[in-house]
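Trainee: what follows is a protein structure lacking sequence information:
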């Protein structure tokens, strides 16, 4: 079944921690093609407690004297281990050439002793589309907006013959392919049209026309010696999936002009470069093989990680350059500024956020790539961050003012969970002003709008602290990137 998730831009959450049993640790061995995996990039591990349906922190470290790893044994139960390795540094993480796998496993008090993990290499399809790029619109748009394959002119059979090509994974691999029909709203996987295997790196299919409101999905995987070794992964403006998706139409006699590139905005560019100059470290950051030319590129590079200073500076520089190159692309710029605020030097963060709010307060984000998002969520997050920056500068009145404007003018455009977190920030501003009643009222308003969920739980903990006679100053939420969508 199609699986396309948005890795939400800036989702605020807390990671749970697994209950740790007292038994011996587990050895974890990463294998590819039946052999120990050798990579130049380190693996990233994350774990899901399937019994409680929550992602938890994996306690995994290199095992001394071996090529493997050691994992602190969690409490008995069912878990899923996600291993991600950004092996190909010429593209973002989870693109062709990287390794990725989700592997479920059972834990008892003493088993397993060794967990063998067969990682998959992410394959590259080269034709008719190249999944080494963001395929804007392929996963997120309805059938009428997906890529089109047309029949030959004046075709009597009303069919289109297309050859799918891909790069080999390993010698002597076998490739399995499936072409199926599907539709959305709600998602329904329909009948399969073709299913087969080949040892070639291409397959030619003769496809019928798409039915109204339906599209085709093409899946591809690689096996060797009965073991899966490769799969296809696709990206589209933050959404991710395991298929290429398209429709087949009769020849129209027209070029496909589904999208038009935004024009440049010289006036905006002048304001941007004056208000947000390049940082002093700009020339010291090496030129990257990556480039950001679309919203999809931006989200893919962001999802590749900003875990250390070099990766944070790389992301900031790539996004800044993208704004220079695409000054008319409102989606790219608004989302880019929101993300840049998480990696910018602390001394420059306030000016960046204020510029973003001043210029994009009325911005409506795309929602085709995020099922549970609303058009005002991006600006809502940006305003909340700006309000937090005002509080840090000793200007709580300004924080309250900008939040109240957001609620008055954009409140109906923003998800309830998002607003709940914003009211928590407003409560901190009141608390800094020694206005306990105002702080409590802001929390209660947040709970009225979003009474259930981890956000509501956090607001209740904050309210409990306000009601203690010796309450300490309330700290803002920790910001984390999680592999989940915003709450419904």
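Mentor: Okay, I see it. In this text the structure is predicted, and so the values were computed from the model without any measurement.

Trainee: strands of the stretch 201-350 of the chain, residue ranges please.
Mentor: Using DSSP state E, counting those that start in this stretch, the strands of the stretch 201-350 of the chain run over 202-208, 215-224, 227-232, 234-236, 239-241, 244-249.

Trainee: in the third one, what's buried?
Mentor: Buried residues in strand 227-232, defined by neighbour count with 16 or more other C-beta atoms under 10 Å: 229-232. Heads up, the C-betas are built off the backbone N, CA and C, glycines and all.

Trainee: what is the nearest of those to residue 164?
Mentor: residue 232 (10.2 Å; C-beta to C-beta).

Trainee: list the contacts for that closest one?
Mentor: 122-123, 125, 131, 166, 219-221, 242-244 (C-beta atoms under 8 Å, 6 or more residues apart in numbering).

Trainee: make JSON lines out of those and add neighbour count and pLDDT.
Mentor: Compiled in JSON lines, those are given as follows (neighbours: other C-beta atoms under 10 Å; pLDDT from 0 to 100):
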{"residue": "122", "neighbour count": "26", "pLDDT": "98"}
{"residue": "123", "neighbour count": "23", "pLDDT": "98"}
{"residue": "125", "neighbour count": "20", "pLDDT": "96"}
{"residue": "131", "neighbour count": "23", "pLDDT": "95"}
{"residue": "166", "neighbour count": "22", "pLDDT": "96"}
{"residue": "219", "neighbour count": "18", "pLDDT": "98"}
{"residue": "220", "neighbour count": "20", "pLDDT": "98"}
{"residue": "221", "neighbour count": "20", "pLDDT": "98"}
{"residue": "242", "neighbour count": "16", "pLDDT": "95"}
{"residue": "243", "neighbour count": "25", "pLDDT": "96"}
{"residue": "244", "neighbour count": "24", "pLDDT": "96"}
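
Trainee: so which of those residues is the closest to residue 452?
Mentor: Nearest to residue 452, judged by C-beta to C-beta, of the contacts of residue 232 is residue 242 at 32.1 Å.

Trainee: sec struct for the closest residue to residue 219 other than its chain neighbours, please.
Mentor: Nearest residue to residue 219 in three dimensions, chain neighbours excluded: residue 178, at 4.5 Å (C-beta to C-beta, 6 or more residues apart in numbering). When classified by DSSP: H, G, I helix; E, B strand; the rest coil, residue 178 comes out as strand.

Trainee: now for residue 178, how many residues are close by?
Mentor: 15 (other C-beta atoms under 10 Å).

Trainee: surely it and residue 216 touch.
Mentor: No - with contacts counted by C-beta atoms under 8 Å, residue 178 stays clear of residue 216, the gap being 10.4 Å.

Trainee: assumed residue 137 was part of a helix.
Mentor: No - membership of residue 137 in a helix is not supported by three-state DSSP, which gives coil.

Trainee: and for it, the neighbour number?
Mentor: Neighbours of residue 137 under the rule other C-beta under 10 Å: 19.

Trainee: let me see the contact set for the closest residue to residue 269 other than its chain neighbours.
Mentor: The shortest distance from residue 269 to any non-neighbouring residue, by C-beta to C-beta, 6+ apart, is to residue 327 (4.3 Å). By C-beta under 8 Å, 6+ apart, the contact set of residue 327 is 264-266, 268-269, 272, 333.

Trainee: where along this protein do the helices fall?
Mentor: Taking DSSP state H as the test, the helices found in the chain are 266-275, 295-303, 309-325, 330-340, 346-360, 377-392, 396-410, 416-432, 436-449, 454-466.

Trainee: list the buried ones in the last one?
Mentor: Taking 16+ other C-beta under 10 Å as the neighbour-count basis, helix 454-466 is seen to contain the buried residues 455-456, 458-459, 462-463, 465-466.

Trainee: sketch out the low-pLDDT regions of the chain for me.
Mentor: Confidence mapping of the chain against pLDDT under 70 gives the ranges 1-23, 252-264, 469-488.

Trainee: residue furthest from the geometric center of it?
Mentor: For the chain, the residue at maximal distance from the C-alpha centroid (C-alpha atoms, centre = their mean) is residue 156, at 43.7 Å.

Trainee: distance check, it against residue 250.
Mentor: Here residue 156 is placed at a distance of 11 Å from residue 250 (C-beta to C-beta, to the nearest Å).

Trainee: again, but for residue 82
Mentor: The value you get for residue 82 to residue 250, if C-beta to C-beta is used, is 43 Å.

Trainee: do residue 138 as well
Mentor: 21 Å.

Trainee: more neighbours: which of these two?
Mentor: Under the neighbour definition other C-beta under 10 Å, residue 138 and residue 250 were set side by side, and residue 138 has more, 25 against 15.

Trainee: the more buried one contacts residue 146, doesn't it?
Mentor: Yes - at 6.1 Å, residue 138 counts as touching residue 146 under the criterion of C-beta under 8 Å.

Trainee: so residue 87 touches residue 99, yeah?
Mentor: Yes - contact between residue 87 and residue 99 holds when scored by C-beta under 8 Å: they sit 5.9 Å apart.

Trainee: need the overlap of contacts for the two.
Mentor: By C-beta under 8 Å, 6+ apart, the residues touching both residue 87 and residue 99 are residue 39.

Trainee: who's more crowded, the two?
Mentor: residue 99 (22 against 18).

Trainee: now do the same contact list for that one.
Mentor: Going by C-beta under 8 Å, 6+ apart, residue 99 touches 32, 37, 39, 43, 83-85, 87, 119-122.

Trainee: who does it form a beta bridge with?
Mentor: residue 85, residue 121 (DSSP bridges).

Trainee: over to the one 5 residues further on?
Mentor: Using DSSP bridges, the beta-bridge partners of residue 104 come out as residue 80.

Trainee: burial count for it?
Mentor: Residue 104: 10 neighbours (other C-beta under 10 Å).

Trainee: that one contacts residue 79, correct?
Mentor: Yes - applying C-beta under 8 Å as the test, residue 104 and residue 79 come out as touching, 7.1 Å apart.

Trainee: show me the common contact partners of the two, please.
Mentor: residue 50.

Trainee: how much space separates the residue nearest to residue 269 from residue 222?
Mentor: With C-beta to C-beta as the criterion, residue 327 and residue 222 are 42 Å apart.

Trainee: for residue 422, same thing?
Mentor: Residue 422 sits 47 Å away from residue 222, going by C-beta to C-beta.

Trainee: more crowded one of these two?
Mentor: residue 422 (26 against 23).

Trainee: neighbours of the closest residue in space to that one that isn't next to it in sequence, how many?
Mentor: Distances taken as C-beta to C-beta, 6+ apart place residue 384 nearest to residue 422, at 4.6 Å, with adjacent residues excluded. Other residues within reach of residue 384, judged by other C-beta under 10 Å, total 28.

Trainee: ok, residue 384 touching residue 425?
Mentor: Yes - using C-beta under 8 Å, residue 384 makes contact with residue 425 at a distance of 5.2 Å.

Trainee: mutual contacts of these two, please.
Mentor: residue 403.

Trainee: picking that back up, for the residue nearest to residue 219, which residues are in contact?
Mentor: Here residue 178 is in contact with 192, 194-195, 217-219 (C-beta under 8 Å, 6+ apart).

Trainee: same check on residue 129?
Mentor: 135, 138, 147, 244, 246.

Trainee: can I get these in CSV with distance to residue 188?
Mentor: Formatted as CSV, these follow (distance: C-beta to C-beta, whole Å):
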residue, distance to residue 188
135, 22
138, 18
147, 20
244, 18
246, 17
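
Trainee: now flag whichever of these is closest to residue 374.
Mentor: residue 138 (23.4 Å).
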